[in-house]
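Participant: predicted coordinates and the sequence they were generated for:
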Amino acid sequence: MERRIGWSWAAFTLLAVAGCSQSPSAPSTAADAQAQGVAADPAAQVAHSFLDAIVRGDSDRANALLTPVAIERIKATGKTLKLLGLENYTFRVEGVRHPTPDQAYVHCFGKDKTAAAQAGEEEYYWMLRQVDNQWRIWAISYTPAPNQPQMIYSLENPEMGAVPVQQVIASASKAAAAPARPSPVQGAPPTAAPAAMPPAGSYR
């Protein structure tokens with residue numbers, strides 16, 4: 001892949017993307033209709049707004065779209081969400097899935113426009129949950145490189161760093177068997193990694 005974004009906390013604070021929204025038009029194909037369905041989804045809108053804030057280096061707007069727990073835990077680390085911007089990075093929101101009514105996985109792609117022509121796109125999933133009837137981001141899921149396991153980086157547990165999805169699922173399963181021992185990463189995918197989600201249109 002081209003300039004791969006490392007989704008560790010240090011890299012996250014330096015991330016920025018240059019994408020732009022497009023005004024919706026009347027759907028002419030099934031794909032267009034699907035894309036408008038994604039664009040109309042409130043969770044997808046929050047993920048798009050978060051990425052747009054990263055694009056523009058708008059730390060305050062990005063911070064406001066995190067869960068209160070994430071904001072609190074980030075502050076506890078002594079770090080701040082400081083976005084410097086990468087104006088040559090473009091993104092699109094490809095799809096959204098709701099494993100439960102109060103959780104969402106938003107499927108995104110990004111690319112550095114200055115990268116080699118043969119370079120592919122980065123693929124990642126923003127993980128959201130509802131807080132006071134508002135969608136807020138708590139984690140990101142991504143694959144660091146080909147043939148490597150899919151990871152989850154929880155902004156609510158930044159001290160843990162990136163954790164393999166299968167480890168999170170195993171922890172969640174143990175927590176379900178023993179309620180007194182909660183999963184270290186809240187809201188973990190209950191049965192499968194977000195990568196299993198089929199595409200459902202896209203918007204930029």
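Facilitator: Perfect, thanks for sending it.

Participant: what packs against the lengthiest strand in the chain?
Facilitator: Using DSSP state E, we find that the single longest strand of the chain is strand 89-100. When contacts are defined as 3 or more CB pairs under 8 Å, 6 or more residues apart in numbering; DSSP states H and E, strand 89-100 packs onto helix 30-40, helix 42-56, strand 103-112. The way it works is simple: take the backbone N, C-alpha and C, and place the C-beta from them, glycine included.

Participant: and the strands in the chain, which stretches?
Facilitator: Counting by DSSP E, residue ranges of the strands within the chain are 89-100, 103-112, 122-131, 134-142, 151-154, 162-164.

Participant: can you list the ones you listed in a markdown table and add mean neighbour count and mean pLDDT?
Facilitator: Output for the strands of the chain, formatted as a markdown table (neighbours: other CB atoms under 10 Å; pLDDT from 0 to 100):
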| stretch | mean neighbour count | mean pLDDT |
| --- | --- | --- |
| strand 89-100 | 20 | 91 |
| strand 103-112 | 23 | 91 |
| strand 122-131 | 22 | 94 |
| strand 134-142 | 23 | 95 |
| strand 151-154 | 24 | 92 |
| strand 162-164 | 18 | 90 |
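
Participant: out of the helices and strands packed on strand 89-100, which is closest to residue 81?
Facilitator: Between residue 81 and the helices and strands packed on strand 89-100, the shortest separation by CB to CB is 9.6 Å, and it involves helix 42-56.

Participant: buried ones in the closest one?
Facilitator: Of all the residues in helix 42-56, those buried under the rule 16 or more other CB atoms under 10 Å are 43-56.

Participant: and of those residues, the nearest to residue 146?
Facilitator: Comparing these against residue 146 with CB to CB picks out residue 51 as the nearest, at 23.4 Å.

Participant: could you check how far the closest one is from residue 160?
Facilitator: Note on residue 51: its distance to residue 160, by CB to CB, to the nearest Å, is 23 Å.

Participant: repeat that for residue 46.
Facilitator: As defined by CB to CB, residue 46 lies at a distance of 23 Å from residue 160.

Participant: what residue ranges in this protein score low on pLDDT?
Facilitator: Counting by pLDDT under 70, the low-confidence segments of the chain come to 1-37, 82-86, 115-119, 172-204.

Participant: on that earlier part again, quick one: the helices and strands packed on strand 89-100 as TSV, columns for distance to residue 153 too.
Facilitator: Written out in TSV, the entries for the helices and strands packed on strand 89-100 read as follows (distance: least, CB to CB, whole Å):
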stretch	distance to residue 153
helix 30-40	23
helix 42-56	14
strand 103-112	14
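
Participant: quick revisit: and the strands of the chain: which comes nearest residue 61?
Facilitator: Once the strands of the chain are compared by CB to CB, strand 134-142 is nearest, at 12.0 Å.
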